[in-house]
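Q: For reference, the sequence and a predicted model appear below.
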Amino acid sequence: MLDKLTDWTLTLSLVAAMTLLGNFIGYEVMPPAALPGIISLMVIVLIGMVIHEILPFKLPAIAYIGVLAFLVTIPGVPGAAQISAWTSEVNLLSLTTPILAYAGISIGNSWADFAKMGWKTIIIGMLVLIGTYLGSAVIAEIILRFQGII
């Protein structure tokens with residue numbers, strides 16, 4: 001369980017860093033303003049993943065994470081307003097690119113195994129992630145300009 005928790009934390013930290021960067025570049029939200037929301041989301045995901053591992057009946061982990069996020073943001077629950085305020089600083093689209101990039105890499109099973117492949121593989125992986133992000137941004141920019149939205 002400790003190995004899984006370490007792997008999840010490493011993965012979430014990487015996604016958090018990429019999200020902070022994307023949130024800053026794309027939406028001009030300063031990282032210190034978005035950091036409490038990112039940390040809140042990371043904690044909710046980690047708790048949901050632990051619940052998924054502990055409970056004997058197996059639902060997808062996203063079900064536990066979604067229910068937990070719903071419960072902690074119900075109006076009237078202590079801290080719900082603060083969590084909602086923090087997470088409102090994190091834009092949805094800044095979360096999607098690193099999550100989808102990780103989904104593509106997850107075929108390798110874990111970041112620790114990915115790192116064992118050598119430093120060149122890590123550099124190539126990061127270039128792929130950056131290229132995917134920039135490519136998506138360029139395509140979105142072209143389409144949105146073509147449609148006259150921006």
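A: Noted; the coordinates are in hand. This is a predicted model, so every value here is computed, not measured.

Q: Skip ahead from the lowest-mean-pLDDT helix or strand in the chain and say which helix or strand is next.
A: Every helix and strand of the chain was ranked by mean pLDDT, DSSP states H and E. The lowest is helix 111-116, at a mean of 66. The first helix or strand that comes after helix 111-116 along the chain, using DSSP states H and E, is helix 119-146.

Q: Against which helices or strands is that following helix packed?
A: helix 2-27, helix 92-105, helix 111-116 (3 or more CB pairs under 8 Å, 6 or more residues apart in numbering; DSSP states H and E). Glycine gets a C-beta too; all of them are placed from N, C-alpha and C.

Q: TSV please, covering those and showing distance to Ala85.
A: Supplementary listing: the helices and strands packed on helix 119-146 in TSV, determined by distance: least, CB to CB, whole Å:
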stretch	distance to Ala85
helix 2-27	15
helix 92-105	16
helix 111-116	31
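
Q: TSV for those helices, including distance to Ala61 and mean neighbour count?
A: What follows is the helices and strands packed on helix 119-146, written out as TSV (distance: least, CB to CB, whole Å; neighbours: other CB atoms under 10 Å):
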stretch	distance to Ala61	mean neighbour count
helix 2-27	10	16
helix 92-105	13	15
helix 111-116	17	14
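
Q: need the least confident one among the ones you listed, by mean pLDDT.
A: Lowest mean pLDDT within these: helix 111-116, a mean of 66.

Q: Flag every buried residue along the helix or strand hosting Phe70.
A: Per DSSP H and E, Phe70 falls inside helix 61-72. By 16 or more other CB atoms under 10 Å, the buried positions in helix 61-72 come out as 61, 64-65, 68-69, 72.

Q: Greatest separation within these: which pair is it?
A: The distance between the two most remote of the buried residues of helix 61-72 (CB to CB) is 16.5 Å, for Ala61 and Val72.

Q: coming back round to it: let me have the helix holding Phe70 in CSV, keeping just the CA atoms, if that works.
A: Taking Å, rounded to 0.1, in the frame of the first residue of the first chain, the C-alpha atoms of helix 61-72 are listed here in CSV:
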residue,chain,number,x,y,z
ALA,A,61,-11.8,4.8,-8.0
ILE,A,62,-13.4,7.7,-9.8
ALA,A,63,-16.7,6.9,-8.1
TYR,A,64,-15.1,7.2,-4.6
ILE,A,65,-13.3,10.3,-5.6
GLY,A,66,-16.5,11.9,-7.0
VAL,A,67,-18.6,11.0,-4.0
LEU,A,68,-15.9,12.3,-1.6
ALA,A,69,-15.6,15.6,-3.6
PHE,A,70,-19.4,16.0,-3.5
LEU,A,71,-19.5,15.4,0.2
VAL,A,72,-16.8,17.8,1.1
